[in-house]
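A.B. asks: Have a look at this prediction, sequence included:
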Amino acid sequence: MNENAKACVRLVEAEDRDRAISLAFAPADRRPDLAALYAFDGETARIREKVSQPMPGEIRLQWWRDVLSGDGEGAAAHPVAAALSETIERHQLPRSAFDRLLEARIFDLYDDPMPSREAFEAYAGETASTLIMLAAMILSRDEAERMSEAAGHAGVTQMVAGVLRSLPMHRARGQVYLPADLLAAAGCTADELAKGEDEPSGRALAAMVAFGRDHDRAWRRNLTDIPRALRPAFLPAALAASYLDRIEQAGIATLDESVEIGPLRKTVVNWRTMRA
């Protein structure tokens, strides 16, 4: 493992414990490339936290586009960019998938509402689901091609859990990722959710949990058809059900404090998913 790969592993271990734990279930020779992919996702997902205005964020996203096209200034000195470029070349990963992911990340930089469940599914598809598919390609390119439907549903449930866990941060900066049509069906406005009003917020959380569970059941129906070689790519999404359980138990407290599950529980869920 070269220094760039080691830097990616350290970054994932520090910033994304779910994916860091999943690396232990992947073949040793694939872990550096998976870490590069996950480190890239972390770097782009956290751009909003590092900028005060959308425009600097868009400039950073454009820098990543330039990196992927081979024109990024300073890319060789950036450990994640260098490791990702090597990973893309080694596994012939489709650059168009990275372009779509970066395009979807523009949404994170603004406070526009998520208009509908279909829009949420599309956003999750270009981010979380795409990452699952790219990880599957790293693990086994030939077998990955038939896993797109399972990856699609798994990415949505992973995104639902992630959005609900991020509610304290999103509320603090005025973002609402819960789909507007889901909020309307639950009898909750974005303003009521932002203020944390108990009854409407509780209904909205319950509706979002149910939305996540629908997609969780959909991808798990295909679990036995997912080759074991590819399952490490799905492990972060496999944790979503446990997070949704905790969110359901916490209720409106989720608005103010992100739920967590312990490393032992994560390891057990991963182990069971690998052996299902």
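C.D. replies: Done, it's in.

A.B. asks: buried set for the host helix or strand of residue 63?
C.D. replies: Assigned by DSSP states H and E, residue 63 belongs to helix 54-69. Residues of helix 54-69 classed as buried: 57-58, 60-61, 63-64, 67-68 (neighbour count, 16 or more other CB atoms under 10 Å). For the C-beta atoms, the positions are set from N, CA and C on the backbone; glycine is no exception.

A.B. asks: Would you format the residues you listed as CSV with distance to residue 126 and pLDDT included?
C.D. replies: Shown next, in CSV, are those (distance: CB to CB, whole Å; pLDDT from 0 to 100):
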residue, distance to residue 126, pLDDT
57, 17, 96
58, 16, 96
60, 18, 94
61, 13, 96
63, 19, 93
64, 14, 94
67, 18, 89
68, 15, 88
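
A.B. asks: element containing the most far-flung residue of the chain relative to its centre?
C.D. replies: With CA atoms, centre = their mean as the measure, the chain has its most outlying C-alpha, relative to the mean C-alpha position, at residue 199: 28.7 Å. Applying DSSP H and E as the criterion places residue 199 in helix 198-220.

A.B. asks: Contact partners for residue 167?
C.D. replies: 254-255, 258 (CB atoms under 8 Å, 6 or more residues apart in numbering).

A.B. asks: List only those of those flagged as buried.
C.D. replies: Using 16+ other CB under 10 Å, the buried ones in the contacts of residue 167 are 254-255.

A.B. asks: ok, of the contacts of residue 167, which one's closest to residue 26?
C.D. replies: residue 258 (26.4 Å; CB to CB).

A.B. asks: how many neighbours does the nearest residue in space to that closest one that is not next to it in sequence have?
C.D. replies: Spatial nearest neighbour of residue 258, chain neighbours left out: residue 165 (4.7 Å); criterion: CB to CB, 6 or more residues apart in numbering. Residue neighbour count, defined by other CB atoms under 10 Å, stands at 20 for residue 165.

A.B. asks: coming back round to it: helices or strands up against the helix holding residue 63?
C.D. replies: Judged by 3 or more CB pairs under 8 Å, 6 or more residues apart in numbering; DSSP states H and E, helix 54-69 is in contact with helix 31-45, helix 47-50, helix 79-91, helix 95-104.

A.B. asks: most tightly surrounded among those helices?
C.D. replies: Each of the helices and strands packed on helix 54-69 was scored by mean neighbour count; the highest is helix 31-45, a mean of 24, by mean count of other CB atoms under 10 Å.

A.B. asks: Show me what it is in contact with.
C.D. replies: 1-2, 4-5, 7-9, 11-12, 15-16, 19, 23, 26, 60-61, 64, 80-81, 83-84, 86-87, 90-91, 101-102, 105, 108, 127, 131, 134-135, 138-139, 232.

A.B. asks: And stretch 6-14, by the same measure?
C.D. replies: The contact list for stretch 6-14 (CB under 8 Å, 6+ apart) reads 1, 19-20, 23, 31-32, 35-36, 38-39, 42-43, 79-80, 83.

A.B. asks: quick one on the thing from earlier: got JSON lines for the helices and strands packed on helix 54-69, with distance to residue 239 and mean pLDDT too?
C.D. replies: Output for the helices and strands packed on helix 54-69, formatted as JSON lines (distance: least, CB to CB, whole Å; pLDDT from 0 to 100):
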{"stretch": "helix 31-45", "distance to residue 239": "14", "mean pLDDT": "97"}
{"stretch": "helix 47-50", "distance to residue 239": "22", "mean pLDDT": "93"}
{"stretch": "helix 79-91", "distance to residue 239": "23", "mean pLDDT": "95"}
{"stretch": "helix 95-104", "distance to residue 239": "21", "mean pLDDT": "96"}
